[in-house]
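**Student:** here is my input; please provide its structure:
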Amino acid sequence: MSQFLGPLDSNGRVPPFQQTRVAAFLISAHGALARQLSLVLPGQFNAGWQTELNAQLYRATETVSLMMRATTWTPDFALPYLLWGWEAAWLPKGVAGVDDQRLGMTIDIAALGHAIHGAIRPAALLPVEAAAADPFVVALRRIEFESSRLIQAEIRFLKSDDLSQRREAVSAAVEMRHRQVRKLWADLLEGVGIKRDAERNGSAP
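**Tutor:** Take a look at the predicted model:
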């Protein structure tokens, strides 16, 4: 087991198998965010946090498009089974104590986004000798950079006055999604020969 992707080829590129597995996970996660945000965002915004989540919808779509094109794909016969499990994990979940279904879904999506942007650090997987100009390397670094900005959208909503009476429910939803995403990410990395801690501190917004 290693802490980084590799071994790299003579040009400093990540092996196609690792590219395929990591890219598939990121596409699944960010694709789920895009789909769910497109369903819960209203046609007319009446709060600032709605504009932030709208921007996130398009960033998630951009991430999917970027990974599709920047990845050197190779056949991976385990992917259908893995994708089934990932897609099932991203499905909307109810939030205890929130009777408004649309609001509950929005809280859950924001919690999921907070976990995806906060617990997944794809650029940290790259060894220092990775080719800086390789499309896959550039894509992972861009995703991590964007995640550090996009997580602010979830925080703005999850800490908004609209949810001031639901702090415990919000915190529980965020913690649950963080545990879930950390576990899935750790399992994914172990499957490509990387051993990293599944737990990260400071998950609550």
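**Student:** hey, let's count contacts and neighbours off CA atoms from now on
**Tutor:** Fine.
**Student:** do I have it right that L158 meets V170?
**Tutor:** Yes - between L158 and V170 there is a contact at 6.8 Å, judged by CA atoms under 8 Å.
**Student:** which residues do the two both contact?
**Tutor:** Shared contacts of L158 and V170 (CA atoms under 8 Å, 6 or more residues apart in numbering): I107, A111.
**Student:** how far away is the residue sitting nearest the centre point of the chain from D9?
**Tutor:** With distances taken as CA atoms, centre = their mean, the residue of the chain nearest its centroid is I116 (2.9 Å). Distance, I116 to D9, by CA to CA, to the nearest Å: 29 Å.
**Student:** again, but for L37
**Tutor:** Taking CA to CA, one finds L37 at 39 Å from D9.
**Student:** chain center to the helix or strand bottoming out on mean pLDDT in the chain: distance?
**Tutor:** Ranking every helix and strand in the chain by mean pLDDT, DSSP states H and E puts helix 48-70 at the bottom, with a mean of 88. Relative to the chain's own centre, helix 48-70 is displaced by 11 Å; criterion: CA atoms, centre = their mean, to the nearest Å.
**Student:** tell me which other helices or strands it touches.
**Tutor:** On a contact count with 3 or more CA pairs under 8 Å, 6 or more residues apart in numbering; DSSP states H and E, helix 48-70 meets helix 16-40, helix 135-158.
**Student:** who touches that helix?
**Tutor:** Everything outside helix 48-70 that qualifies as a contact, by CA under 8 Å, 6+ apart, is 23, 26-27, 30-31, 33-34, 37-38, 41, 45, 135-136, 139, 143, 150, 153-154, 156-157, 160.
**Student:** do stretch 22-38 as well
**Tutor:** Here stretch 22-38 makes contact (CA under 8 Å, 6+ apart) with 53-54, 56-58, 60-61, 63-64, 67-68, 71, 79, 83, 86-87, 90-92, 106, 109, 112-113, 116, 188-189.
**Student:** just stretch 133-142 next, same as before
**Tutor:** When contacts are defined by CA under 8 Å, 6+ apart, stretch 133-142 is touched by residues 13-14, 19, 66-67, 70-72, 122-123, 126, 130-132.
**Student:** go with 7 Å
**Tutor:** Contact with stretch 133-142 is made by R13, L66, M67, A70, T71, P122, A123, A132, as judged by CA atoms under 7 Å, 6 or more residues apart in numbering.
**Student:** next, the buried residues of stretch 1-11.
**Tutor:** Of all the residues in stretch 1-11, those buried under the rule 16 or more other CA atoms under 10 Å are Q3, F4, L5, G6, L8.
**Student:** quick check: closest non-adjacent residue to the fourth one.
**Tutor:** Excluding its sequence neighbours, the residue lying closest to G6 (CA to CA, 6 or more residues apart in numbering) is V14, at 5.6 Å.
**Student:** below-threshold pLDDT in this structure: ranges please.
**Tutor:** Scanning the chain for pLDDT under 70 picks out the ranges 42, 44, 46-48, 196-205.
**Student:** same thing but at 90, please
**Tutor:** Within the chain, the stretches with pLDDT under 90 are 1-2, 37-58, 94, 96-103, 106, 148-150, 152-157, 160-166, 195-205.
**Student:** that concludes my questions; thank you for your assistance.
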